[in-house]
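Undergrad: This is the structure alone, sequence omitted:
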């Protein structure tokens, strides 16, 4: 496993995201879908457009916003791990 690092706060390369059981989903008036972490180390497994994988860990109340154009915005801090 490669070293973990703090990463950028948005991406338009996410093809698929799998959230663990510790997230609350809310549809915002703006059209964004907001996923809010319900505990520390809430996990999202990502598949990116180049076929690579990422594991992203969030603290409690961290969030991911997903827009209709496919852009994902990640709250900071979060930890990104390249498996």
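TA: Structure received. Being a predicted model, the structure only gives us computed values, none of them experimental.
Undergrad: What's the local residue count around the closest residue to residue 11 other than its chain neighbours?
TA: Distances taken as CB to CB, 6 or more residues apart in numbering place residue 72 nearest to residue 11, at 5.2 Å, with adjacent residues excluded. Using the backbone N, CA and C atoms, a C-beta is placed for each residue, glycine as well. Neighbours of residue 72 under the rule other CB atoms under 10 Å: 21.
Undergrad: And for residue 58?
TA: If you count neighbours by other CB under 10 Å, residue 58 ends up with 26.
Undergrad: From the centre of the chain, give me the residue that's furthest out.
TA: Residue farthest from the centre of the chain, counting by CA atoms, centre = their mean, is residue 29 at 20.1 Å.
Undergrad: What distance do you get for that residue to residue 13?
TA: 26 Å (CB to CB, to the nearest Å).
Undergrad: can you pull out the strands in this protein?
TA: 5-6, 10-11, 14-19, 23-27, 33-37, 42-48, 53-58, 63-66, 72-74, 79-81 (DSSP state E).
Undergrad: Export those strands as JSON lines, with columns for mean pLDDT.
TA: Putting these into JSON lines (pLDDT from 0 to 100) gives the following:
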{"stretch": "strand 5-6", "mean pLDDT": "56"}
{"stretch": "strand 10-11", "mean pLDDT": "86"}
{"stretch": "strand 14-19", "mean pLDDT": "95"}
{"stretch": "strand 23-27", "mean pLDDT": "98"}
{"stretch": "strand 33-37", "mean pLDDT": "98"}
{"stretch": "strand 42-48", "mean pLDDT": "97"}
{"stretch": "strand 53-58", "mean pLDDT": "96"}
{"stretch": "strand 63-66", "mean pLDDT": "96"}
{"stretch": "strand 72-74", "mean pLDDT": "94"}
{"stretch": "strand 79-81", "mean pLDDT": "93"}
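Undergrad: If anything else comes up later, I'll come back, but that's it for now.
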